[in-house]
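# need the 3D shape of this:
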Amino acid sequence: MATGRHGHHRHDHHGGVRRGRYGNPADLDRMIKRQLAPGRPAWQKPERVIRAVGVRRGQVVADVGAGPGFFALRLARAVGPAGHVYAVEPEPALLDVLRERLAKSRARNVTPVLSLGEDPMLPGGRCDVALIVNTYHHLADGPAFLRRLTRALAPGGRIVNIDFAKRETPVGPPVDQRIAREEFLRDARRAGLILAAEHRFLPHQYFLVLRPRRRARPRDRGAGVS
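Residues are numbered from 1 along each chain as shown. So this is what the prediction gives:
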């Protein structure tokens, strides 16, 4: 994810500095190797994450901050040919890499999406799940992004946020760049979301499932004191 939360240098999913205009990384190849590192599945546990989220065949899922497709390709297999994955990423160079990987894997149910600022650029009311992994701490205005992302949810849809705990871990960005679980939940409440579930099996990260707050139903017309 390329957008800096506080306007300083960007970081990749493992803490490598991303510099330059529009967040372009100084060494794209190095960053991609880190995001696709052979050791990442051991701590990121992608298959277990997908099972815990309850992704099913035929669903529509957004992978927000998709990068070169670490989760997007796995999600494509999980939803199957009848499902669809929107791979959302603000870095054009990463989307190019993702397209190459999609072509090699012959995954035909993934649409790369170039997001803009605090807008994920997703169609309204389509997504059963919007998965944000190691990305929220890059956003300049998290609540605004979450509000726009909520509009992309289908009825009953959920937003899942996985990000690094605000403590020292073997992988991840510098601690002062991280967003604490409690701070994220405050942002989520501001965006009209409530915590629906939490999973604790990831060693370095919090894993939160959110849903839009239910609006109170208006009273039936004509009801009231007679």
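
# can you pull the contacts of residue 210?
158-161, 188, 193-196 (Cβ atoms under 8 Å, 6 or more residues apart in numbering). (Glycine included, C-beta is placed from N, CA and C.)

# what does residue 112 give?
Contacts of residue 112 (Cβ under 8 Å, 6+ apart): 66, 87, 89, 95, 98-99, 102.

# buried sites along the one helix or strand it maps to?
In the assignment (DSSP states H and E), residue 112 maps to strand 110-114. By neighbour count on 16 or more other Cβ atoms under 10 Å, the buried set for strand 110-114 is 110, 112-113.

# nearest to residue 201 among these?
residue 110 (26.3 Å; Cβ to Cβ).

# test my guess that the closest one contacts residue 73.
Yes: if you go by Cβ atoms under 8 Å, residue 110 and residue 73 touch, sitting 7.5 Å apart.

# top helix in the protein by residue count?
Ranked by residue count under DSSP state H, the longest helix found in the chain is helix 92-105.

# helices and strands around that helix, which ones?
helix 28-35, helix 72-79, strand 84-89, strand 110-114 (3 or more Cβ pairs under 8 Å, 6 or more residues apart in numbering; DSSP states H and E).

# residues in contact with residue 54?
Applying Cβ under 8 Å, 6+ apart, we find residue 54 in contact with residue 129.

# any idea of the pLDDT on residue 21?
At residue 21, the model reports a pLDDT of 39.

# make that residue 28, sorry
pLDDT, residue 28: 79.

# surely it touches residue 93?
Yes: counting by Cβ under 8 Å, residue 28 touches residue 93, with 5.6 Å between them.

# shared neighbours of residue 110 and residue 73, which are they?
residue 102.

# could you measure from the one residue sitting closest to the centre of the chain over to residue 159?
Taking Cα atoms, centre = their mean, the centroid of the chain lies closest to residue 132, which sits 1.5 Å from it. Note on residue 132: its distance to residue 159, by Cβ to Cβ, to the nearest Å, is 7 Å.

# wouldn't residue 206 be in contact with residue 198 here?
Yes: contact criterion Cβ under 8 Å: residue 206 and residue 198 qualify, at 7.5 Å.

# between those two, which has more neighbouring residues?
residue 206 (20 against 12; other Cβ atoms under 10 Å).

# which non-adjacent residue is nearest the more buried one?
residue 181 (4.4 Å; Cβ to Cβ, 6 or more residues apart in numbering).

# one more: residue 110?
residue 85 (4.5 Å).

# count of residues packed around the one you found?
32.

# with residue 53 instead?
22.

# separation between it and residue 183?
From residue 53 to residue 183 the distance is 22 Å (Cβ to Cβ).
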